[in-house]
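Starting from these lines, generate the structure:
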Amino acid sequence: MTQLLATVLRGLRARALLSVGSIVLTALAVGSAVLGPIFSEAVTNSYVVTRLREAPAASTGLVRVLELKSQLDPQAARDLAVEESAALDGGPWGESTTTLVSAQYSALRGVTRFWAREHVCGGLEVTGRCPSAPGEVLMLNTDAEKTGAVVGEPLELPIFEPPEIEGRYPRPPLDEVLVVGTYTTPQSDDVWAQPTLLTTTNEQSSLKGGYTPYQPAPLITTTDTVASLGPGEWTVRVDTPLAVPADLTRDDLDAAAATAARLDQTTEVAGGVLVGVPDVNNLGAVRDEVREQQATARASIAPAVLSLVLVALALLMRLLMAASEIRVPELALASLRGVSSRKLWVLGLSEPLVVLAVSAPIGAALGLGMGYSLTRAWLVEDLPVPVPWVSWAAAGLVMLAAVAVACVAVGLVVRDTLASQLSGVRRPQSSRRWSVVAQLALVALALAVLVSKLASGTAGDPDATDLVLPVLLAIVAGLAATRATAWLATWWTRRGQHSRSLGSFVSTRAISRRQEGTLVILPVTAAIAVAVFGAGVYDSAATWRASVAATASPGEVTWTSPLSLRDTRDLTRRIDPDGEWVMTAAEVQNPGANFSVVDADRLASIAVWPPTWTPGRTVEEVAASIETAGAVPSLVGRRLSLTIDNRAMTSSPLAVEVRLGSVGGTPERVYVGPFPRGEHTLSERLPRTCATACPLEGITLGGGAGTTMEMDGTARVVEVAVDGTPVEGAIEGAGWVAAPDSQAPSSVAGLSTEDGTIDLQLDTDGGVGMARLTSGGITLKRPAVRGVDVSDEAIEGLDGSGVIGVEPRGTAEGLPFVGPTGLLVDFASFVNDRPVYDNLFQTRVLMRDGAPAEVRDALEESGLTVETTLAAEQRVLDQSAYALALRLYAVVAALVLLMALAGLFVSTAVQLPARRRDAAALRVVGVPRGAVMSAVAREFLVVLGGAAVAGILAGSLAQYVVLRTITLGYVEDLSTPRLVAEISPLRLVVLAAIAAVVLGIAAFVSASITVRGARGSTLRESAR
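From the prediction side, this is the model:
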């Protein structure tokens, strides 16, 4: 035993390079097996923490309301509410905050509430001062402006009461309050869990006749003010945020979700009733989403770990085979001395098993170290590093596989004939039957898996085929490249006997006659294929996440607006007239196809538009395709003047109806006239809304109040003026056309705007009609970009639906807010000259980063709040379980390339003596040094180039197939853009260029080292 140990140690020292290489590869394989489960568990734990921390406080927190049945002072009521609420809580919860909330009162022309907290102005940005005495209040700045409130002056509450709410709400006990300041809606939920409750709800009417009254934001006041309203006039609201420590456990989350699920219950307490508010909290849904992502993320990590382990084992087998081949003389000598077969196996396996024994603890330490490093670098701060039992089980399986690899490597040498062992150089031989059967089985399995994945068109969680396909394709590509290279070299050698190129003949002859040269192709091909697959999956997933983030936040900053769509657009145009920083956008829910309504002329300069949405089309081209043919004029002022040259014969006096859009679904109209024959200028007062801006959407020439009549002749609109000043762009560039959707007979026989006037040819052909005109060049079917998931039936269903018909002008993989399930239309196309109901819109403002402070302040003062940002959406997605898991693919791509280069280096170093002998033999017979070096370099380039090409093709194919069916991110709803399984040509070019440079350098260095040591003395040393 001592003698055997001494022999093993001498052998390891004599073959130190191979021994170190084998230890490194085995350690990497074991470390990868240990790392996979650790990183998988850590990723899912980190995602739970990140997802809960990033979620809106209202969706994960608890809200309960204490309704008092007995008279308590406010502080006692607060204490009771907090105490009883805490008694119902299970799981990790933070400190509760209480708010006194009054009943709803009919006041300020709408419905009003009073709110009071212990820290009256906590979390609010206040202009003026905080309320400190009974009757003092803070108002939202936009409400103060709307109601005419003045800071420092009393404000009367029970003023005009709209008939729609008369009798539905009581009048407030207070006749007036003192406005001591204004506040803006909080931009974060750190203090106020639901900032949207501190916003205004505008008066609205719905299509079905419903009515929503004007509801100003709560009047923030003192506790004494709310108490003065009287018993039964107020309740205590308790907001309890979820506490999310880094070491949050599964049991903690389950307990918190169970508590949230009980919010629909009512609890009797001493002095009142504690009522849960379940409408906002969706912690249970978040918990279920987390569980789903955890399972799929674990499965997503498996292909990366499996690929890394198998590549390491393939390279390990190559090195162990090289070590065994170097030991052939030693084993042959033992065989000649009569050593039994069993002892020969023991001698052959002794070195590999010692190498594996040394590698095991190194690999375990490496896996633990990598797990700790990646957890600290990528995951939540202070997250505990888990070490599940699966890591040790996986490491054990890898060690068993490594032992099997060692047995195979030794067996190939031990079972060889003694004559072959004594021949010195191993020549390519015909494959054994079992080898051919195994290779054909691998090819058949790879084809079967490939066909099954191509036939499956639906995306889902990773399964076994997703795990093995990249490795199968890599192995098959390596086998094919090995056989193709050897066959081509043999064919070229025979042909090369008549060739003038000595270098080509020598290099191809070396490939065809030296088995060691082609053995490196398989592991290098596998490594490159896995690297290409890993890098491609990681890059594709990152691109997809960027597309998802842009769908949720099409601007770098996305604000939500409580104003109407029209008022919001007017606001953005007023504060940013040059269109550099902000634009209006809205989402409209519609059966079959939702609408994304954008300010098209600002889309390219402000919105975020990923190139994957419209491949081959720029955002400028998309915006141009949906823009209207003209710009809708805007009227700002008090009095409208029209100059009409009337030359028509009419059955009634000619009058003009001017259409100025709609407010809350109610059309805004101004009637001017009647106009006698000849050219005359008449005027009429504009609505109050035109003090800021009114769109001049249409003009109708006809009878009184926009009715029909007989008309024959010509009429000309000479000028449109407001407050005596001609309106720029009112005629020229406005795109005036006959209204395409007029319900009444049209009297327009001809229309021209060439001379700066609207010249009309009128003819009702003996009947009645009207000349209804629309600005903006509006057509019956509005131009739109169509999401790829919008069906033809949905497009056809829009005709006559009461919304708008569309004419698709291209398709998109994703669109702002609506993703692939919607239609992108211009603001003017959607709203011009038709009733618009504000309750249909979810109105937002998109803003670029770096916008001037005055622009941001203007949005805040108008009551807009930041809904989200592109960076925040991207950060949430990048911290998802999928994204964190897929980072391992980038690590794998780098590791397998480093392993391949290390294996190539060791393999080349092992072959160096034999190559030098061949080079020296050529130099002795007079072959020039340059020709020898060229031959060696060509040999390397052919072998490694074939491996690189096969690896890139196999990795790209695996990426394309797997990405079509695997889920690389959480698909929240139908608006999520799909993952496009496309191979990036640029990425392939870059990979090919990198491969060419690296392999070229390797070939040159190897050739240089080989030729430099090729002298006659080399042959003399070999002869000895």
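
And the helices in the stretch 201-350 of the chain?
Ranges of helices within the stretch 201-350 of the chain are 223-227, 250-261, 283-326, 328-336, 341-378, based on DSSP state H, counting those that start in this stretch.

Check these for me: which has the lowest mean pLDDT.
Mean pLDDT values for those show the minimum at helix 328-336, a mean of 66.

packing partners for the host helix or strand of residue 858?
Using DSSP states H and E, residue 858 falls within helix 853-861. Contact here means 3 or more C-beta pairs under 8 Å, 6 or more residues apart in numbering; DSSP states H and E; on that basis helix 853-861 packs against helix 565-575, strand 841-847. (Glycine included, C-beta is placed from N, CA and C.)

Kindly reformat the ones you listed as a markdown table containing distance to residue 819 and mean neighbour count.
Formatted as a markdown table, these follow (distance: least, C-beta to C-beta, whole Å; neighbours: other C-beta atoms under 10 Å):
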| stretch | distance to residue 819 | mean neighbour count |
| --- | --- | --- |
| helix 565-575 | 21 | 22 |
| strand 841-847 | 14 | 24 |
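
between the helix or strand hosting residue 179 and helix 853-861, how big is the angle?
In this assignment (DSSP H and E), residue 179 forms part of strand 176-184. Angle, strand 176-184 to helix 853-861, by axes from the mean of the first three to the mean of the last three C-alpha atoms, to 10 degrees: 140 degrees.

For strand 176-184, which strands pair with it and how are they oriented?
Strand 176-184 has the following sheet partners, assigned by DSSP bridges: strand 125-128 (antiparallel), strand 136-140 (parallel), strand 154-156 (antiparallel).

same question for the shortest one, mean pLDDT?
In this model, strand 154-156 has a mean pLDDT of 91.

How about stretch 745-764?
Rounded mean pLDDT across stretch 745-764 is 83.

Can you list the buried residues in that stretch?
For stretch 745-764, a neighbour-count test (16 or more other C-beta atoms under 10 Å) marks 746-749, 753, 757-764 as buried.

What of stretch 77-97?
Buried residues in stretch 77-97 (16+ other C-beta under 10 Å): 77-78, 80-82, 84-85, 88-89, 91-93, 96-97.

number of nearby residues for residue 826?
23 (other C-beta atoms under 10 Å).

How about it, nearest residue that isn't a chain neighbour?
residue 600 (4.0 Å; C-beta to C-beta, 6 or more residues apart in numbering).

Which of the buried residues of stretch 745-764 fall in strands?
748, 749, 758, 759, 760, 761, 762, 763 (DSSP state E).

now those as JSON lines including distance to residue 313?
Formatted as JSON lines, these follow (distance: C-beta to C-beta, whole Å):
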{"residue": "748", "distance to residue 313": "81"}
{"residue": "749", "distance to residue 313": "85"}
{"residue": "758", "distance to residue 313": "81"}
{"residue": "759", "distance to residue 313": "84"}
{"residue": "760", "distance to residue 313": "84"}
{"residue": "761", "distance to residue 313": "86"}
{"residue": "762", "distance to residue 313": "88"}
{"residue": "763", "distance to residue 313": "88"}
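
In these, find the pair that's most separated.
By the measure C-beta to C-beta, 758 and 763 form the most distant pair in these, at 16.3 Å.

Spatially central residue in the protein, please.
residue 545 (2.2 Å; C-alpha atoms, centre = their mean).

Nearest to residue 159 among the buried residues of stretch 745-764?
residue 758 (44.1 Å).

contacting residues for that closest one?
699, 716, 717, 731, 736, 751, 752, 773 (C-beta atoms under 8 Å, 6 or more residues apart in numbering).

Now the terminal residues of stretch 242-250, how far apart.
End-to-end span of stretch 242-250 (C-alpha to C-alpha, to the nearest Å): 14 Å.

which outside residues touch that stretch?
Counting by C-beta under 8 Å, 6+ apart, 45, 48-49, 52-53, 57, 60-62, 91-94, 256, 283, 380-384 sit against stretch 242-250.

what about residue 644, which SS state?
Assigned with DSSP: H, G, I helix; E, B strand; the rest coil, residue 644 falls in the strand class.

what pairs with it across the strands?
Judged by DSSP bridges, the bridge partners of residue 644 are residue 680, residue 717.

quick one: it and residue 719 touch, right?
No. Assessed by C-beta atoms under 8 Å, residue 644 is found out of contact with residue 719, at 9.1 Å.

Overlap in contacts, these two.
residue 681.

Between those two, which is the more surrounded one?
A direct count of neighbours by other C-beta under 10 Å for residue 644 and residue 719 places residue 644 higher, at 25 against 16.

That one and residue 637, how far apart?
Separation of residue 644 from residue 637 (C-beta to C-beta, to the nearest Å) stands at 19 Å.

cool, residue 743 as well?
For residue 743, the distance to residue 637 - C-beta to C-beta - is 31 Å.

Residue 873: which element?
Assigned by DSSP H and E, residue 873 falls in helix 870-878.

and if you look at residue 836?
Here residue 836 is assigned to no helix or strand, by DSSP H and E.

For it, give me its contacts.
Neighbours of residue 836 in contact, by C-beta under 8 Å, 6+ apart: 565, 566, 661, 662, 665.

List just the nearest of those residues to residue 952.
Nearest to residue 952 among the contacts of residue 836, with distances taken as C-beta to C-beta, is residue 565, at 50.8 Å.

On the pLDDT front, check the closest one for me.
Value listed for residue 565 in the pLDDT field: 82.

With residue 176 instead?
90.

and if you look at residue 101?
So residue 101 comes in at 93 (pLDDT).

likewise the one 5 residues further on?
Residue 106 is assigned 90 on the pLDDT scale.

Find the helix or strand that it is a member of.
strand 105-107.

that's a strand at residue 823, yeah?
Yes. Residue 823 sits within a strand when classified using three-state DSSP.

okay but it is in contact with residue 806, surely?
Yes. At 5.8 Å, residue 823 counts as touching residue 806 under the criterion of C-beta under 8 Å.

more neighbours, the two?
Set residue 823 next to residue 806 and count neighbours by other C-beta under 10 Å: residue 823 wins out with 30 against 25.

Please name the nearest non-neighbouring residue to that one.
Once chain neighbours are set aside, the closest to residue 823 by C-beta to C-beta, 6+ apart is residue 784, at 4.5 Å.

what bridges to the one you found?
residue 808.

Just the buried positions in stretch 154-172, please.
Of all the residues in stretch 154-172, those buried under the rule 16+ other C-beta under 10 Å are 155, 157, 161, 165, 169, 172.

Filter those residues down to just the ones in strands.
residue 155.

possible to save the strands paired with strand 176-184 as a markdown table with distance to residue 33?
A markdown table is the format used below for the strands paired with strand 176-184 (distance: least, C-beta to C-beta, whole Å):
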| stretch | distance to residue 33 |
| --- | --- |
| strand 125-128 | 54 |
| strand 136-140 | 59 |
| strand 154-156 | 72 |
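
Among those, which comes closest to residue 796?
Closest of the strands paired with strand 176-184 to residue 796 is strand 136-140, at 44.7 Å (criterion: C-beta to C-beta).

C-terminal to that closest one, what's the next element?
Taking DSSP H and E, what comes next after strand 136-140 is helix 141-147.

That next one: how far from the chain's middle?
Relative to its chain's centre, helix 141-147 lies at 38 Å (C-alpha atoms, centre = their mean, to the nearest Å).

mind starting the numbering at 510 from now?
Happy to do that; since the first residue is 510 now, the last one works out to helix 650-656.

Nearest to residue 528, out of the buried residues of stretch 1254-1273: which one, please.
Proximity of those to residue 528 (C-beta to C-beta) peaks at residue 1262, which lies at 88.7 Å.

show me what contacts that closest one?
Per C-beta under 8 Å, 6+ apart, neighbours of residue 1262: 1240, 1241, 1243, 1245, 1268.
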